[in-house]
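> Have a look at this prediction, sequence included:
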Amino acid sequence: MRDESRVPIHSDIDIVHARQKGREFAARIGFSSGELTLIATAISELARNIVEYAQHGEMIFQAIHLAGQEGICITAKDEGPGILDVGQALQDGYSSRRSYGLGLPGTKRIVDEFEIASEVGTGTTIVVRKWKK
Amino acid sequence: MAKKEIDVVTPVPQVSSEATTALLRELVAHLRQNRTQLREEWARRITEAQLLTAMTKEEIFAEATSVYDNYVEVLESGSIEALQAYARNLSERIIPRGVETQEVVGVVLLLRDVLARSLFKKYQSNFDLLNRVLDAYEPAANRIATTVSVGFVQERERIIRQQQEAIRELSTPVLQVRERLLILPIIGVIDPQRSRQLTEQLLRGIRANRAKVVVIDITGVPTIDSKVANHLVQTVEASRLMGATVIVTGLSSEIAQTLVTIGVDLGKMKTVGDLQGGIEEAERLLGYKVITSGETSQLLSA
Amino acid sequence: MEVPILKQGGYLIASIQSALSDADLLSLRDELAYRVGRFRSRGVIVDVTALDVMDSFATRTMRSIAHMLKLRGAETVIVGIQPEVAFAMVQLGLTLEDVATALDLEEGLAYLNRGMKRENTGAR
């Protein structure tokens, strides 16, 4: 099994593509069907974030191991305008342009670990991890 | 989460790594040369110590051979991955046969001892060299012992988790009491893991039984924390998304308190005092006419 | 991927066959709004059984479909949300609060029929 898979994101069709690729990748790690749905949903939100705010970016899926546990690491990387106030973007109900504001805070709730690094003018990288239960 | 490293406390050897590598190479050559004899000695000591009694002599010897070869390979390559995989595989095979943790630890320590003794014998005339050989051997040997033992314990934990899950699944049946009506009587403490499982079972049950109404009875649940309370609310909402109405019955005053404290939107949750009332409400929703025994007698006397 | 829309009496049934892009979802919304007017439909069923993910965009679009069609005179029922999908949605905070849902097509039709009966008896 390959340990990494990448999907470039340029338009809304790529969101569907990333979701499918990510789900297949996570299925090979052995996640349950309930977990796969959560993972696919998280990927969908992260990829949409790229399309809406940066237009171009990339999703990276990696298999991870830690102390006998297996999981998936999902990275969403873009070189867009960046997020001015990361704290605010993670708050429930933060309404930004077309989104309900549920995208990022919701994603944070359905994964085990969530990291975000953003710099205005440089871009945003979000890394989430989910472990097999 | 920090990477959990296998920690082995050993005195730092006073030799350069190149010298260590050279010594380990020599050691590996020695172990390869004496493979047959050392392996037999080890298997003999295992039987003598009455370890692995659940296995036959032939099985012990076969496993001993595999472990021995893996062992030598780790000393040679410094990479424990193959050994880790083997240890997991071995544990998977021997755990169902009742092999205990102390047996596994004992067996690996015996091998360490057998090999150390053979090194003593080989280098006894040169005490200085012996010291350096042991300095090179010890950390590697300890690392191997830990890898095998930890692998075994992890595998055991995995099996225990699996069994717990099976027990949990048995502990809360989703019952169909009549067409389109499910009852989920929950008894005992609900932790986040159990509540997740309950939800999964319930949502699948709704689909499988084409349920329209679900009664979740939590009379048998003493208290819940806010996390589980939130989860309960999510379950109610998820059921609605699938077209089913959930009625929660038997909320204790403590649980009611928790729900009020976390600010649950009570408009989203139908609650009825007890299970019987819940079933009556469910039947009403399903379009059955409910006649309580009191009414029946009134009807009769009228 | 175009979503087939069937006309069944006074109702429209849109059954989504596979994963949809955002653009597909929006054109489904527009198409339904157009057809409800053209066929003077009173009820619409959107069957999402084939969807393995309902993210915030899909949920928001379902809601706006229901709201738009309401303004155009039709009631909307979303049917076939899968167990895993339903649970993922609520964890994400997406509950489709003011939109009717039903288990499957059959239940969706039953729901709409009950609604029509209520309206008719109410009018008399």
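On my side now, so go ahead.

> Just give the nearest non-adjacent residue to B:V174, would you?
Leaving out its chain neighbours, the residue that sits closest to B:V174 by CB to CB, 6 or more residues apart in numbering or on different chains is B:G205, at 3.9 Å. C-beta here means a position set from N, CA and C on the backbone, and glycine is covered the same way.

> and the closest residue to chain C within the stretch 51-200 of chain B, how many residues sit next to it?
When scored by CB to the nearest CB, the stretch 51-200 of chain B has B:T199 as its residue closest to chain C, at 6.1 Å. B:T199 has 23 neighbouring residues, counting by other CB atoms under 10 Å in any protein chain shown.

> for whichever strand or helix holds it, which positions count as buried?
B:T199 belongs to helix B:192-209 when assigned by DSSP states H and E. The neighbour-count check on helix B:192-209 (16 or more other CB atoms under 10 Å in any protein chain shown) flags B:194-207, B:209 as buried.

> Centre of the chain to it, how far?
In terms of CA atoms, centre = their mean, to the nearest Å, the centre of helix B:192-209 is found 21 Å from the chain centre.

> What is that helix packed up against?
Packed against helix B:192-209 by the contact rule (3 or more CB pairs under 8 Å, 6 or more residues apart in numbering or on different chains; DSSP states H and E) you find helix B:127-171, strand B:181-187, strand B:213-220, helix B:226-241, helix C:83-92.

> Isn't A:D78 up against A:A54?
Yes - A:D78 is within contact range of A:A54, at 3.5 Å (criterion: CB atoms under 8 Å).

> Find residues that contact each of these two.
The contact sets of A:D78 and A:A54 overlap at A:123-124 (CB atoms under 8 Å, 6 or more residues apart in numbering or on different chains).

> before we move on, back to that, thought the residue of the stretch 51-200 of chain B closest to chain C was touching B:V233?
No - at 11.0 Å, B:T199 does not count as touching B:V233 under the criterion of CB under 8 Å.

> which stretches of chain C have low pLDDT?
Chain C contains residues with pLDDT under 70 at C:1, C:119-124.

> Now do the residue nearest the centre of it against chain B, distance only.
Nearest to the mean C-alpha position of chain C, counting by CA atoms, centre = their mean, stands C:V46 at 3.3 Å. Separation of C:V46 from chain B (CB to the nearest CB, to the nearest Å): 13 Å.

> so what's that residue bridging to?
Residues in a beta bridge with C:V46, per DSSP bridges, are C:A14, C:I78.

> ok, now which ones touch it?
Per CB under 8 Å, 6+ apart, neighbours of C:V46: C:14, C:16, C:28, C:32, C:62, C:65, C:76-79.

> Give the closest residue to C:I65 in space, chain neighbours not counted.
C:R29 (4.9 Å).

> any idea which element the one you found lies in?
Per DSSP H and E: helix C:22-39 holds C:R29.

> List the buried residues for that helix?
Neighbour-count burial for helix C:22-39, with 16+ other CB under 10 Å as criterion, is recorded at C:22, C:24-26, C:28-29, C:32-33, C:35-36.

> again with stretch C:85-99
Those would be C:85-96, C:99, for stretch C:85-99 by 16+ other CB under 10 Å.

> Could you report the pLDDT at B:T296?
With respect to pLDDT, B:T296 scores 51.

> what does the one 5 residues further on give?
In this prediction, B:S301 carries a pLDDT score of 47.

> now swap in B:T65 and tell me
Note on B:T65: pLDDT of 89.

> burial measure for the closest residue to it other than its chain neighbours, as a count.
Leaving aside its chain neighbours, B:T65 sits nearest to B:R39 (5.9 Å; criterion: CB to CB, 6+ apart). Residues near B:R39, counting by other CB under 10 Å, number 19.

> Just list what the helix or strand harbouring B:R39 packs against, helices and strands only.
Assigning secondary structure by DSSP H and E places B:R39 in helix B:35-48. Judged by 3+ CB pairs under 8 Å, 6+ apart, helix B:35-48 is in contact with helix B:57-77, helix B:101-123.

> JSON lines please, covering the ones you listed and showing mean neighbour count.
Below are the helices and strands packed on helix B:35-48 laid out as JSON lines (neighbours: other CB atoms under 10 Å in any protein chain shown):
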{"stretch": "helix B:57-77", "mean neighbour count": "17"}
{"stretch": "helix B:101-123", "mean neighbour count": "17"}
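
> C:L94 falls within a helix, correct?
No - per DSSP: H, G, I helix; E, B strand; the rest coil, C:L94 lies outside any helix segment and is coil.

> ok, the residue nearest to C:I65 - contacts?
Contacts of C:R29 (CB under 8 Å, 6+ apart): C:61, C:64-65, C:68.

> Tell me which of these fall in helices.
C:61, C:64-65, C:68 (DSSP state H).

> Just the buried residues from these, in ChimeraX please.
Per 16+ other CB under 10 Å, the buried members of those correspond to this ChimeraX selection:
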select /C:61,65,68
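
> could I get the helices and strands packed on helix B:192-209 as JSON lines with distance to chain A?
As requested, the helices and strands packed on helix B:192-209 are exported to JSON lines (distance: least, CB to the nearest CB, whole Å):
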{"stretch": "helix B:127-171", "distance to chain A": "4"}
{"stretch": "strand B:181-187", "distance to chain A": "17"}
{"stretch": "strand B:213-220", "distance to chain A": "18"}
{"stretch": "helix B:226-241", "distance to chain A": "10"}
{"stretch": "helix C:83-92", "distance to chain A": "4"}
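
> okay, the ones you listed, which one's buried deepest?
Highest mean neighbour count among the helices and strands packed on helix B:192-209 (mean count of other CB atoms under 10 Å in any protein chain shown): helix C:83-92, with a mean of 25.

> So what touches the next helix-or-strand element following that helix?
Downstream of helix C:83-92, the first helix or strand assigned by DSSP H and E is strand C:100-102. Residues outside strand C:100-102 that contact it (CB under 8 Å, 6+ apart) are B:240-243, C:66, C:75-79, C:81, C:108, C:110-111.

> list the helices and strands the next helix or strand after strand C:100-102 packs on?
Per DSSP H and E, the first helix or strand lying C-terminal to strand C:100-102 is helix C:105-123. When contacts are defined as 3+ CB pairs under 8 Å, 6+ apart, helix C:105-123 sits against strand C:11-15, strand C:43-47, strand C:75-79, strand C:100-102.

> shaky segments in the stretch 1-150 of chain B?
Looking at the stretch 1-150 of chain B by pLDDT under 70, you get B:1-16.

> Please repeat the previous calculation with a cut-off of 80.
Along the stretch 1-150 of chain B, segments meeting pLDDT under 80 span B:1-20, B:78.
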